[in-house]
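Asks: Generate coordinates for the sequence data below:
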Amino acid sequence: MVNRRVTSAKPKYSDNEICQLVDFSLSTLYRTLRQKHATGDVTKTLAIGRGRPRKLIHSDCLYLLHLARHKPTLFLDEYSHHLEEYRDLPFSLATIHASFKCVGLNIKRVQM
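Replies: This is a model prediction of the structure:
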């Protein structure tokens, strides 16, 4: 048996008809086609490092959370003292507060 190429009878649309169907301008259509041919994808590549880098790394945040659950009555300056003494990391009170706020931790949640 001989392999035969089967062609489908797909309707061919003009560039203007495609632009009307998807509500694009011609320049957007051509830019998207150029990107598809160049990269094989129509989406932009994602940026690797978005935003400001964190000062506290994940293990330091976990240390703070364990410390907060173990001793919920400490003040922020005492958390800062623990980080400086045991981890050799001098962080400001604002950084510690922001890290607690980032994980959704407040006084009520710690004391439960």
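Asks: Low-confidence stretches in this structure?
Replies: Along the chain, segments meeting pLDDT under 70 span 1-11, 47, 49, 106-112.
Asks: Try it again at 80.
Replies: Scanning the chain for pLDDT under 80 picks out 1-11, 44-56, 72, 102-112.
Asks: Which parts of the protein are strands?
Replies: Taking DSSP state E, the chain contains no strands at all.
Asks: so where do the helices sit in it?
Replies: All helices of the chain, identified by DSSP state H, fall at 15-22, 26-39, 58-70, 76-86, 93-102, 107-110.
Asks: Export those to JSON lines and append columns for mean neighbour count and distance to Arg50.
Replies: Every C-beta, even on glycine, is put in place using the N, C-alpha and C of the backbone. JSON lines is the format used below for the helices of the chain (neighbours: other Cβ atoms under 10 Å; distance: least, Cβ to Cβ, whole Å):
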{"stretch": "helix 15-22", "mean neighbour count": "12", "distance to Arg50": "28"}
{"stretch": "helix 26-39", "mean neighbour count": "12", "distance to Arg50": "20"}
{"stretch": "helix 58-70", "mean neighbour count": "14", "distance to Arg50": "17"}
{"stretch": "helix 76-86", "mean neighbour count": "14", "distance to Arg50": "26"}
{"stretch": "helix 93-102", "mean neighbour count": "15", "distance to Arg50": "16"}
{"stretch": "helix 107-110", "mean neighbour count": "12", "distance to Arg50": "28"}
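Asks: can you tell me how far the spatially most central residue of the chain sits from Ala94?
Replies: The centre of the chain sits closest to Arg50, judged by Cα atoms, centre = their mean, with a distance of 7.2 Å. According to Cβ to Cβ, to the nearest Å, Arg50 stands 22 Å off from Ala94.
Asks: Same question for His58.
Replies: Distance from His58 to Ala94, counting by Cβ to Cβ: 19 Å.
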